[in-house]
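*Asks:* Let's see this in three dimensions:
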Amino acid sequence: MATGIRAVLDRLTAIARGVTPKESPDWPFTCVGDGTGRVDPLEERSTASQIRFFEWVLLEQPTDYGIAGLVACSAVQAGLALKIWYPITGDRRLYDVMMAEDAQRLTAALMLPAAWQTATTGLDHLTMPPIGGLTFTETEAGGGILEIPFLCQYREGA
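*Replies:* Model (predicted):
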């Protein structure tokens, strides 16, 4: 089975889709950048939707970080970001709390090694930077994007 960045991103997408938001659970996490077709950038989304749209973004070119003893595969690391779009249509404090709760639930689910399916994805390690790594950017369309950065280490196989 082929391992690598595509398998890792597909698995991380499936994990994020499976997370139930604490606040407004009827606004699910819905992936828009999963490679199944062209979609508008998150920054251009309208606030008419009440869905938490998300996508994974590569922050840097994957690089070999080398692990002694591995044969027929390469040990690779890449910076990733989970970007989640919110329709900011009311009290900003409500959305700040919602984003904090979402970030906690998403990172708890994503950083659970048992969910990674390492044998089929190659995912070995997923970490976050220290506190302060989360960023929020308001968009011109009236929404906002929460960005959660990760460092991902995986095996790139055949």
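*Asks:* What is the lengthiest helix in the chain packed up against?
*Replies:* When the chain is parsed with DSSP state H, its longest helix is helix 92-110. Other elements packing on helix 92-110 under the criterion 3 or more CB pairs under 8 Å, 6 or more residues apart in numbering; DSSP states H and E are helix 5-17, strand 74-86, strand 144-156. Glycine gets a C-beta too; all of them are placed from N, C-alpha and C.
*Asks:* what about 6 Å?
*Replies:* Secondary-structure packing of helix 92-110 (3 or more CB pairs under 6 Å, 6 or more residues apart in numbering; DSSP states H and E): helix 5-17.
*Asks:* Please identify the buried residues of the helix it packs on?
*Replies:* Ile5, Ala7, Val8, Leu9, Asp10, Arg11, Leu12, Thr13, Ile15, Ala16 (16 or more other CB atoms under 10 Å).
*Asks:* and the angle from it to strand 74-86?
*Replies:* Calculated by axes from the mean of the first three to the mean of the last three CA atoms, to 10 degrees, helix 5-17 forms an angle of 40 degrees with strand 74-86.
*Asks:* continuing past helix 5-17, what's the next helix or strand?
*Replies:* As assigned by DSSP states H and E, the chain's next helix or strand after helix 5-17 is strand 29-31.
*Asks:* Let's see the distance spanning stretch 50-65 from one end to the other.
*Replies:* Stretch 50-65 has its terminal residues 40 Å apart, counting by CA to CA, to the nearest Å.
*Asks:* now the longest helix of the chain, how far from the centre of its chain.
*Replies:* Computed by CA atoms, centre = their mean, to the nearest Å, the separation of helix 92-110 from the middle of its chain amounts to 13 Å.
*Asks:* any idea of the mean pLDDT in it?
*Replies:* The average pLDDT for helix 92-110 rounds to 91.
*Asks:* and of the buried residues of helix 5-17, the nearest to Arg52?
*Replies:* Of all the buried residues of helix 5-17, Arg52 sits closest to Ala16, with 9.6 Å by CB to CB.
*Asks:* Surely that closest one and Phe29 touch.
*Replies:* Yes: Ala16 is within contact range of Phe29, at 5.4 Å (criterion: CB atoms under 6 Å).
*Asks:* what bridges to the spatially closest residue to Glu138 that is not a sequence neighbour?
*Replies:* Computed as CB to CB, 6 or more residues apart in numbering, the closest residue to Glu138 that is not its neighbour in sequence is Gly144, at 4.8 Å. Applying DSSP bridges to Gly144 gives these bridge partners: Tyr86, Glu138.
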